[in-house]
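Peer 1: need coordinates for the following:
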Amino acid sequence: MDQQQSGGWSPVEPATPEVQQICDKVKPQVEVLVPGADVNVFSAVSFAYQIVAGMNYVIKVDVDGNVCVHVMVSAALPCFGEELKVLRIQYPKDPSDPLQPF
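Peer 2: This is a model prediction of the structure:
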């Protein structure tokens, strides 16, 4: 990740292993918000981030090859336990839909 000014959103970038780890950790939270969806695949595609008192991420996640979910995640600072919290989702999303903060 490039350095980003506090408060602004980074450009959308391809997903990294770090972002996939975030997705793996928040998958149970997302599954609760997507009732009835079959979420066997949960593969990060792209992301943007915002530096605040911690980090916010918006992540495009492939959930079955033809459907994505856009997930906004808040990552608390280490002094607050680095907790990851799903703030909101957009589902269903087409894989071609642009990823934008929401």
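Peer 1: okay, and the most centrally placed residue in the chain sits in which element?
Peer 2: By Cα atoms, centre = their mean, the chain has its centre lying nearest to residue 59, at 2.9 Å. Assigned by DSSP states H and E, residue 59 falls within strand 54-62.
Peer 1: after that strand, heading C-terminal, what element do we hit next?
Peer 2: strand 68-75.
Peer 1: what about the helices in the protein?
Peer 2: 17-33 (DSSP state H).
Peer 1: so the residue with the largest distance to the centre of it versus residue 52, what's the distance?
Peer 2: Ranked by distance from the centre of the chain (Cα atoms, centre = their mean), the top residue is residue 79, with 21.7 Å. Going from residue 79 to residue 52 by Cβ to Cβ, to the nearest Å gives 14 Å. C-betas here are computed from N, CA, C, even on glycine.
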